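Visitor: take this sequence and fold it.
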Amino acid sequence: MADDFTFSITTTRFDEDYSPSENSRITTNFANLARGEHRQQNLRNTLTMINNRFNDLAHWDNPDRDRYEVELEIISAQLSFAAEGADRQFPLIEVLDTHVVDRRTGIRHHGIVGNNFSSFVRDFDFSIVLPAAGKGPTGPSIPDDFGDLHGKLFQHFLDSAAYQERFPQSPVVCISVSTSKTYRRTGNHHPVLGDEYVQDASSLTDEYFGKMGLQARYFMPRGSVAPLAFYFRGDLLNDYSNLQLIGTISTMETFQKIYRPEIYNANSAAASVYRPTLDSQDFSRTQILYDRVERSQLAITQGKYTEEHFIKPHRTVLEHWAAKRPARVA
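Guide: Model (predicted):
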């Protein structure tokens, strides 16, 4: 089973000179920012926002709010099939890795890997499989095995030597809350993550990440205007240091302010009972250009690419491998 395919990892520095590679998913937040006439200014402004937010949250022994700098790397995981032939290699997922540089001491702290999460197979599931399933009386029809293959591939990657030899901790993925759910503030408060919210019901995204072995919690950090969704293995509140958590918050809140300003750059903060919406007009736009419509269209294109170059040519191998691998759901 383990010999059907292997994983390898490549890294790309995400800075103001970043350009997406030919194998990069162009629907990722960071790739979208690095295109067009204003690409370098977009990147420079994004990194400035991340660093400013980090120093705002890491305020202790930091009177000038300039002690720390966040460095980002794009982690690309490639799957290679054992059998020779066309489409033998496939760019499976991309995540971000963070490092925090203490300018005062010169120490470089390893942050959390994960953060942003992008996947060709997820594009296939949501842009090809789900629409093909049609709609039922209460909404989209969800196939019973929806997300099973993707979840098993992701967990197999985390258990692989490629991941284990490079990253000592499990990943944390941080994304927007769902616009179809209601969130209620609890009395739980974390010194870095902030106020915890709970959902009225699990979303399809929660269930999809659950098949990846990741559970969800929702927190609104100090100074934020909406809760963020954190997907993780283990213990989110105790497995990571304050600086690690701040690195993830500052990075992903910045991306969400750019991508979903109606929620994360709103002019008023979420109340104790909160229903996110993209229909709000009471928000401020950043000075960073982002094409949200193009991003959605490209997800369909990349879902079709996955079907043609990954699912169809390797269906027998993938189905045989998945059938022998037990499901582990968070």
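Visitor: quick one, helices of this protein?
Guide: 29-33, 39-57, 120-124, 130-132, 148-159, 161-164, 204-211, 242-259, 261-264, 292-306, 315-324 (DSSP state H).
Visitor: hmm, T254 is touching T48, no?
Guide: No: at 9.3 Å, T254 does not count as touching T48 under the criterion of C-beta atoms under 8 Å. Bear in mind the C-beta positions are built from the backbone N, C-alpha and C, glycine included.
Visitor: which of these two has more residues huddled nearby?
Guide: T254 (25 against 12; other C-beta atoms under 10 Å).
Visitor: show me the contacts for that one.
Guide: 46, 49-50, 53 (C-beta atoms under 8 Å, 6 or more residues apart in numbering).
Visitor: which of these are buried?
Guide: Among the contacts of T254, those classed as buried by 16 or more other C-beta atoms under 10 Å are 46, 49-50, 53.
Visitor: ok, P261 - how many residues close by?
Guide: 19.
Visitor: against E253, how distant is it?
Guide: For P261, the distance to E253 equals 12 Å [C-beta to C-beta, to the nearest Å].
Visitor: before we move on, what about A229?
Guide: 12 Å.
Visitor: could you do I246 as well?
Guide: For I246 relative to E253 (C-beta to C-beta), the value is 10 Å.
Visitor: do the same with F81
Guide: 38 Å.
Visitor: neighbour count: the two, which is higher?
Guide: More neighbours surround E253 than the other of F81 and E253, with 23 against 18 (other C-beta under 10 Å).
Visitor: contacting residues for D56?
Guide: Neighbour list for D56: 65, 223 [criterion: C-beta under 8 Å, 6+ apart].
Visitor: so for it, what's the pLDDT?
Guide: In this model, D56 is scored at 98, pLDDT.
Visitor: got any ranges where the stretch 201-330 of the chain has weak pLDDT?
Guide: Counting by pLDDT under 70, the low-confidence segments of the stretch 201-330 of the chain come to 290-296.
Visitor: reformat the buried ones among the contacts of T254 as a markdown table; add distance to Q40 and pLDDT.
Guide: Shown next, in a markdown table, are the buried ones among the contacts of T254 (distance: C-beta to C-beta, whole Å; pLDDT from 0 to 100):
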| residue | distance to Q40 | pLDDT |
| --- | --- | --- |
| T46 | 11 | 93 |
| M49 | 15 | 96 |
| I50 | 16 | 97 |
| R53 | 21 | 98 |
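Visitor: pick out the most distant pair among these.
Guide: For these, the farthest-apart pair by C-beta to C-beta is T46 and R53; their separation is 10.9 Å.
Visitor: could I get the full set of strands for the stretch 51-200 of the chain?
Guide: Along the stretch 51-200 of the chain, counting by DSSP state E, counting those that start in this stretch, strands occupy 68-81, 89-102, 108-119, 135-136, 139-140, 172-176, 183-190, 194-199.
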